[in-house]
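Peer 1: Here's a sequence, model it:
(2 chains)
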Amino acid sequence: MKNRINKLFEEKKHNIFSVYFTAGYPKLNDTVKIIQQLEKNGVDLIEIGMPFSDPTADGPTIQKSSEIALKNGMNLNLLFEQLKDIRKTVNIPLILMGYLNPVYQYGVEKFCVKCAEIGIDGTILPDLPLDEYESEFKSVFEKYKLHNILLITPQTSVARIKQIDKASSGFIYMVSSASTTGAGKKVEDFKKEYFERVNEMNLNNPRLIGFGISDNATFKNACKYASGAIVGSAFVKALNSENNIADSIQEFIKNLISS
Amino acid sequence: MKYQVNEKGYYGEFGGAWIPEMMYTNIDELKRRYLEIIESESFTQEFDQLLKNYVGRPSPLYHANRLSEHYGTKIYLKREDLNHTGSHKLNNTIGQILLAQKLGKTRIIAETGAGQHGVATATVCALKGIKCVVYMGALDVSRQAPNVKKMKMLGAEVIPVHSGNKTLKDATNEAMRDWINNPEDTHYIIGSVVGPHPYPDMVARFQSVISAEMKKQLKTQTGLENPTRIIACVGGGSNAAGAFYHYLDNEQVELIGVEAAGKGINTNETAATLTVGSPGVLHASLTMLMQNKDGQITEPYSISAGLDYPGIGPLHAHLYKTGRAKFLAATDEEVLQAVLLLTQKEGIIPALESAHALAALDKIEMNPEDITVINLSGSGNKDMETYLNYFGY
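Peer 2: Below you'll find the model as predicted:
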């Protein structure tokens, strides 16, 4: 079967809407419900966050949700257990996002086997840099047909962007500006020069823009320069309430993608 | 050069640069340029001159007569406590501030636990007139109030970190986040031989002045360059790295690192990473870590805030793994007794961290002819409140 990520990018060239949430937050067993609601409301791709005690690339919102998820008892064994039947109800691509150490302790190959069994399509591991990925991990990920999504930033050199493009499959995660997640940027903070520069490089892989995409204006702006955009902290914040999850998700998505 | 870092940034199986892409440009620049800069003549001239006239080096190597008599052997103390700002930390911050200037950086960030590295960083920033931001766990801010005030007086901004358990690990996370958010103008002065390559090697080189002096001083005082053994405390491991550095490939010299056992290595309240830890990735380094079975980092404990870290430098993980160095652990109780013994035998009040090395003297066999060097990494001035409360003076 074709990887769902490749299929998505072949079928949809614009306005791909990707959402991140932290597994185990707000409640331990919300994972499946959140995924199903996101698909139902038109989200194209989901990043399921594997919480870590020391998320150095994340801002306060995802730090807090990770802390609560861990307190709730989330771990990789439990997450895989929760997701074991997910492909009976959900068709959109699913990506696991998190830091390397929990995966390393679980066992890298065992992790990939589990992802393949469940129907996970890719991973985003910010602290697994290109060189280490290529020397130790790439062959294992490829064996199980998992796309490992790599990041580029406004500081990434042209030569390195090309290198990352070559090593990538699926798509490239374009970090909008120099920041940790959830920095609450405004449209005018985005570096148009950087978006245009990368656009003109005609890379092999499609791109999604993430970090600081928090509302309709920032989402629309990001979509001008890439195949779509990723919303993380703003969505996690929206779940941070006493409201019914289905209602919060519907409301949030309506506001974000309304034209 | 068996124990030096390799070109990929590894000590054996440990080390590397497990950085998010947002830090790549800065780390890559450091990696490409640090050796060329710190080996250049203009750098070494200014570095040596500042170590001599500003830090007050060489630090004395002192034959501790009454302590030697007590243990029936020869004990020497390398007096890093007599450096400006009261510890070995300034050796590294002097080196890194000069490096930051060569890289054209105009803003400095640092993490600190007990505040010694924070004070050493704020000091060199005052010296050079560079803006300084220090991240410190909110719990440590309240535990180490005098050092917080000192940093502020030196002109630094101290930012309390409220995430996680509000100690050194969390301050390090926050400093890394700051660097991700400020990639252009900022240099991050890491305080120990931890973090991504090239930091462990770079910091070890700046601290290696300790063992370089030790060699010359031993030769003058005893006729021999080689001691029988060197003992140093290890949290991240910067003072130990400096004290071991020029002896790493000289296997006749026994190297002993002493970790903080806290309330005991069999309790949950310990910081003895090598004894209770396992390999994993934290703060961009593959090293030994205190963690649970799910790979979540666990909170260390020690009476000494400077050793209260759940990881250890990759060099030490490698020395442990290969057996080149022996690592022991001393409990809070043993450490406090060692503080009192040195104070009353020699008139020197050591820092809690350094007293871990002293406590090891009760744990090893020593012959009368042996020469044992203890790296006395810091002064006890910052710990007076703890001592006065504990001993009841």
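Peer 1: what residues does the stretch 101-250 of chain B put near chain A?
Peer 2: For the stretch 101-250 of chain B, the residues in contact with chain A (Cβ under 8 Å from any Cβ of the partner chain) are B:163-164, B:169, B:173, B:176-177, B:180-184. (C-beta placed from N, C-alpha, C; glycine too.)
Peer 1: could you pull out the strands for the stretch 101-250 of chain A?
Peer 2: With strands called from DSSP state E, counting those that start in this stretch, the stretch 101-250 of chain A shows them at A:122-124, A:147-148, A:151-152, A:172-175, A:207-210, A:228-231.
Peer 1: Which of these has the highest mean neighbour count?
Peer 2: strand A:228-231 (a mean of 27; mean count of other Cβ atoms under 10 Å in any protein chain shown).
Peer 1: related to what we said a few turns ago, looking at pLDDT only, which of the residues of the stretch 101-250 of chain B next to chain A scores worst?
Peer 2: When those are sorted by pLDDT, the bottom entry is B:Gly164 at 84.
Peer 1: Quick one: residues contacting that one.
Peer 2: B:Gly164 makes contacts with A:53-54, A:67, B:137, B:170, B:173, as judged by Cβ atoms under 8 Å, 6 or more residues apart in numbering or on different chains.
Peer 1: Now with 10 Å, please.
Peer 2: With contact set as Cβ atoms under 10 Å, 6 or more residues apart in numbering or on different chains, B:Gly164 has these partners: A:53-55, A:63, A:67, B:137-139, B:170-171, B:173-174, B:297, B:299.
Peer 1: quick one: secondary structure of it?
Peer 2: Under the three-state scheme (DSSP: H, G, I helix; E, B strand; the rest coil), B:Gly164 adopts coil.
Peer 1: and it, how far is that from A:Pro60?
Peer 2: Look at B:Gly164 and A:Pro60: by Cβ to Cβ, to the nearest Å, they are 12 Å apart.
Peer 1: What of A:Glu67?
Peer 2: From A:Glu67 across to A:Pro60, the span is 10 Å (Cβ to Cβ).
Peer 1: Need the overlap of contacts for those two.
Peer 2: Contacts common to A:Glu67 and A:Pro60, judged by Cβ under 10 Å, 6+ apart, are B:Ser163.
Peer 1: A:Ser176 contacts A:Ile209, correct?
Peer 2: Yes: with contact defined as Cβ atoms under 10 Å, A:Ser176 counts as touching A:Ile209 (5.4 Å).
Peer 1: which residues in the stretch 1-150 of chain B form helices?
Peer 2: B:24-38, B:41-50, B:65-71, B:89-102, B:116-128, B:138-143, B:145-153 (DSSP state H, counting those that start in this stretch).
Peer 1: mean confidence score for the longest one?
Peer 2: Yep, that's helix B:24-38 we're talking about. According to the model, helix B:24-38 has a mean pLDDT of 96.
Peer 1: Give the buried residues for that helix.
Peer 2: B:24-27, B:30-31, B:34, B:37-38 (16 or more other Cβ atoms under 10 Å in any protein chain shown).
Peer 1: where do the helices sit along the stretch 51-200 of chain A?
Peer 2: Counting by DSSP H, counting those that start in this stretch, the helices of the stretch 51-200 of chain A are A:60-72, A:76-83, A:100-106, A:108-118, A:130-132, A:138-143, A:158-167, A:192-199.
Peer 1: of these, which approaches chain B most closely?
Peer 2: With Cβ to the nearest Cβ, the closest approach to chain B among the helices of the stretch 51-200 of chain A belongs to helix A:100-106: 3.4 Å.
Peer 1: same for that closest one, what does it pack against?
Peer 2: Packed against helix A:100-106 by the contact rule (3 or more Cβ pairs under 10 Å, 6 or more residues apart in numbering or on different chains; DSSP states H and E) you find strand A:45-50, helix A:76-83, helix A:108-118, strand B:278-282, strand B:285-289.
Peer 1: Brilliant, that's me finished.
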